[in-house]
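In: the amino acid sequence is not available; the structure is as follows:
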């Protein structure tokens, strides 16, 4: 057995691990919100899901519709996926490229704050440009990490 | 050149790598299923895709429709993406946090089993709560890894 | 503090980091393209987004529609997500499994080329089988890495 504590004793990496775990858990929470709206509003896409409300055969069809709030949560979830995946990939590699600790933590904090604000702005919803602003903060953080990574370690 | 075998000699990490590779390959397979349904049912979204069936100009339009089974596979695929991404991110960091080997493998096995069952339950479809149950098993596995990781290595 | 330069001095890993960072940045760019089409064509999904064009109350509704080109970019973006996520996960683990440098770089280059060609073929659009071909090249690259990884390090 090999001792892996080396990686997890690195402060940048531990910090990345903590922020990322919180962020991915937050993203997973969107599934619960979607499910909550579906149950309380009785709005489903799959016929078999309506059975809890007595949906069967023709009776199921009245629950098979779309709802503005359900679609809104689903868009917020997809937007999370589209933005947290690049953050995770680029952030992981950036964390391994021996960046300055306080710079790295600043990136992680800004991104987490921006994505939480983005979700709040999307779900309430807050008037624009609240959502656009938080989107671009998160976007800029990821691009900044990508730039720093490529500048120091480009190998094509 | 540096010797990286250190990481891949770690049993937890090797196990994570194996389960994750199988899981991501399974997820990729959903694209093939979608394509298979599209071809056999002649259901397309892009006009240029209908040309294989002689779709051209006005003639293409009859193939541009939605089909319940195609949409079902696409939802299963998106659900995979929404759940396998957090599993991969959290699981990778968890694997590097020096967890107990048998506990870690139990997590990976449960998740893989749950996601395969989820896909089967979605595509057949099996009556609820089969799909819901498998969803929550996978969800719980990822949250359990997140909890263990944050408990031992929180660094904000 | 621990010295992490070990990992980033590994040529395969540095190469993987560079290609992945470029690929994920390219995927993020799809959000900008979507936003560009939405603004120039005045096509929105969220009522609050129409306010920049004076959309308010009933007046907002005329901007809430779908547009073929916007939907096309969104499909290309989702296809990126569905394919770049497995590439990133499997590729990361493959890069850590001590593969041959030139073989690894060949995989990364092929994948990046295939995905860029896929996006071009999707957005123009080019006639089929241009898009299908580039899809399967990228797909094959990821499966090839999965196969090599499982062959050398299977641990279930």
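Out: Cool, the structure landed. Everything quoted here is computed from the prediction, not taken from an experiment.
In: could you use CA atoms for every contact and neighbour count after this?
Out: Noted.
In: now do the buried residues in the top helix by length along chain A.
Out: When chain A is parsed with DSSP state H, its longest helix is helix A:11-41. Neighbour counts over helix A:11-41 (16 or more other C-alpha atoms under 10 Å in any protein chain shown) mark A:11-28, A:30-31, A:34-35, A:37-38 as buried.
In: out of those residues, which touch chain C?
Out: With C-alpha under 8 Å from any C-alpha of the partner chain as the criterion, those include residue A:11 near chain C.
In: give me the three-state assignment for the closest residue to chain C within chain A.
Out: Nearest residue of chain A to chain C (C-alpha to the nearest C-alpha) works out as residue A:155 at 5.0 Å. When classified by DSSP: H, G, I helix; E, B strand; the rest coil, residue A:155 comes out as coil.
In: and the residue found closest to it once you drop the neighbours it is linked to in the chain, what does it touch?
Out: Using C-alpha to C-alpha, 6 or more residues apart in numbering or on different chains and skipping the chain neighbours, the partner closest in space to residue A:155 is residue C:15 (5.0 Å). Contacts of residue C:15 were listed using C-alpha atoms under 8 Å, 6 or more residues apart in numbering or on different chains, and they are A:154-156, C:105.
In: tell me the most packed of those, by neighbour count.
Out: Within the contacts of residue C:15, neighbour counts (other C-alpha atoms under 10 Å in any protein chain shown) peak at residue C:105, which reaches 21 neighbours.
In: so the spatially most distant residue from the centre of chain A, which state does it fall into?
Out: Here chain A reaches farthest from its C-alpha mean at residue A:58, the gap being 37.3 Å by C-alpha atoms, centre = their mean. Look at residue A:58: counting by three-state DSSP, its state is helix.
In: near residue A:53, how many other residues are there?
Out: 12.
In: need the contact list for it.
Out: Neighbours of residue A:53 in contact, by C-alpha under 8 Å, 6+ apart: residue A:42.
In: ramachandran angles for it?
Out: phi -110, psi 20 (degrees, to the nearest 10).
In: and it, how close does it get to chain B?
Out: In this view, residue A:53 and chain B are 12 Å apart by C-alpha to the nearest C-alpha, to the nearest Å.
In: repeat that for residue A:32.
Out: Residue A:32 is 10 Å from chain B, where distance means C-alpha to the nearest C-alpha.
In: same deal with residue A:46?
Out: In terms of C-alpha to the nearest C-alpha, residue A:46 sits 8 Å off from chain B.
In: chain center to the helix or strand of chain A with the lowest mean pLDDT, what's the gap?
Out: Lowest on mean pLDDT, DSSP states H and E among the helices and strands of chain A sits helix A:5-8, with a mean of 70. Its chain's C-alpha centre and that of helix A:5-8 lie 26 Å apart, by C-alpha atoms, centre = their mean, to the nearest Å.
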